[in-house]
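>>> I'd like to go over a predicted model; first the sequence, then the structure.
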Amino acid sequence: MSKMNFAITTAFLKSTHKRYIYPSISQFCAYAASNFIFQNVDIQMIQKANARLKFLYRKKAYLTQHTQQLLIMSLVQCRFDYACSVWYNGLTQSLKHKLQVTQNKLNMFILDLKLRDHVGHQQFESLNWLPVNKRVEQVMLCHVFKVKHKLAPSY
């Protein structure tokens, strides 16, 4: 075996200013690539959610509140749930905040709130929604429950 396999590679990530130690260069590259890919996916998802919300705002005059909620859930909110248990924990705090802001925009659209109105616990409760971080936690716990009780599909 070469000395490279036993070398400890250290990397300083500018975003967190913390020192990480990786047993090999390949593990560092895998971490950096996956972190970059998940952040890229998150940015694309936020852009798509905002574009779809903009489209729905143009059609809002023809929609009831119930129809608005159904469209938001089927066109936008489902993207939040897609593989969120995998990529959410690897995101930076600023990207997590952008996700929450996007969800607040969806909430404001359905409840017909003004731009400067506060979106708080009561608004989420009126729609039976959870904030992004609690929603991710719920999805992960649901997966664990299904695996533990053998309710998950066998692939």
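Everything's here; your move.
>>> just give me the neighbour total for L56.
19 (other CB atoms under 10 Å). Where C-beta positions appear, they are placed from N, C-alpha and C, glycine not excepted.
>>> my bad, should have said Q138
14.
>>> quick check on the closest residue in space to it that isn't next to it in sequence: phi, psi?
Closest residue in space to Q138, ignoring its immediate chain neighbours: L130 at 6.2 Å, by CB to CB, 6 or more residues apart in numbering. Dihedral angles of L130 (phi, psi; degrees, to the nearest 10) stand at phi -120, psi 150.
>>> by average pLDDT, which secondary structure element in this structure comes out worst?
Lowest on mean pLDDT, DSSP states H and E among the helices and strands of the chain sits strand 9-13, with a mean of 35.
>>> so A152 versus D81, what's the distance?
With distances taken as CB to CB, to the nearest Å, A152 is found 16 Å from D81.
>>> over to E125?
E125 sits 19 Å away from D81, going by CB to CB.
>>> neighbour count winner among those two?
Using other CB under 10 Å as the criterion, E125 and D81 rank with D81 on top: 13 against 10.
>>> so where do the strands sit in this structure?
9-13, 18-22 (DSSP state E).
>>> how about low-confidence regions in the chain?
1-38, 83 (pLDDT under 70).
>>> mind listing the helices for it?
All helices of the chain, identified by DSSP state H, fall at 3-6, 25-58, 65-72, 78-81, 84-87, 93-111, 121-127, 132-148.
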